[in-house]
Each structure stands twice: as structure tokens, then as C-alpha cells.
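Trainee: here is my input; please provide its structure:
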Amino acid sequence: MNPGPDEVTLGPADRLEEVARRALEQNPQTIMAMATNPDGREAAVAAAASALGDHVTDGEVRLGAGTWIVEARAPGA
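Mentor: Numbers count the residues shown, from 1 in each chain. Sure, this is the predicted structure:
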């Protein structure tokens with residue numbers, strides 16, 4: 001196991017709303033909440049886009065990340 005990247009690029013800053021929507025849709029609990037409150041969906045996307053806007057660097061939305069690279073081999077391989 002080795003340390004992986006310490007940053008993740010979510011997407012281009014000029015498509016901030018799309019990046020925010022995609023980020024929200026990766027969370028199953030958020031998907032359920034948005035499905036039960038369709039009126040709140042756009043407000044949630046707008047709030048996420050606003051928060052992600054604080055993380056724009058060089059035209060990309062970038063967040064810190066703690067990642068690990070794990071390599072495995074099948075026994076006998």
C-alpha cells in the first residue's frame with residue numbers, strides 16, 4: 001500500500017453546476033433526499049456549486065483527498 005494523490009479534480013470550473021450535481025449524485029443518501037424533495041434539488045445543487053466555487057484553481061474544481069494505492073495479486077499469480 002502506497003500513498004496516492006492528495007488532490008482530486010472534479011471537473012472544469014466553467015461547468016460548476018454540472019460538477020456539483022454529479023458530486024451530489026454520488027452520495028446515495030443525497031439521491032434519496034433529492035428524490036423526496038424535488039423542489040429542494042435545485043437549491044442543493046446551487047449550494048454545492050457555491051461551495052465548490054471556493055475550490056477553483058487554474059480553471060478546475062479541485063479538492064484535497066486522502067487516497068491510498070493498494071496492489072494485490074491472486075495467489076500463485
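
Trainee: can you give me the neighbour number for residue 56?
Mentor: Burial measure for residue 56: 14 neighbouring residues, criterion other Cβ atoms under 10 Å. The way it works is simple: take the backbone N, C-alpha and C, and place the C-beta from them, glycine included.

Trainee: beta partners of it?
Mentor: Beta-bridge partners for residue 56, by DSSP bridges, are residue 61.

Trainee: ditto for residue 9
Mentor: Taking DSSP bridges, one obtains residue 62 as the residues bridged to residue 9.

Trainee: which stretches of the chain form helices?
Mentor: In the chain, helices defined by DSSP state H lie at 16-25, 28-36, 38-53, listed in chain order.

Trainee: pLDDT wise, what is the residue nearest the centre of the chain at?
Mentor: Among the residues of the chain, the one closest to the centroid is residue 23, at 3.9 Å (Cα atoms, centre = their mean). The predicted local confidence for residue 23 comes out at a pLDDT of 91.

Trainee: perfect, I'm done here.
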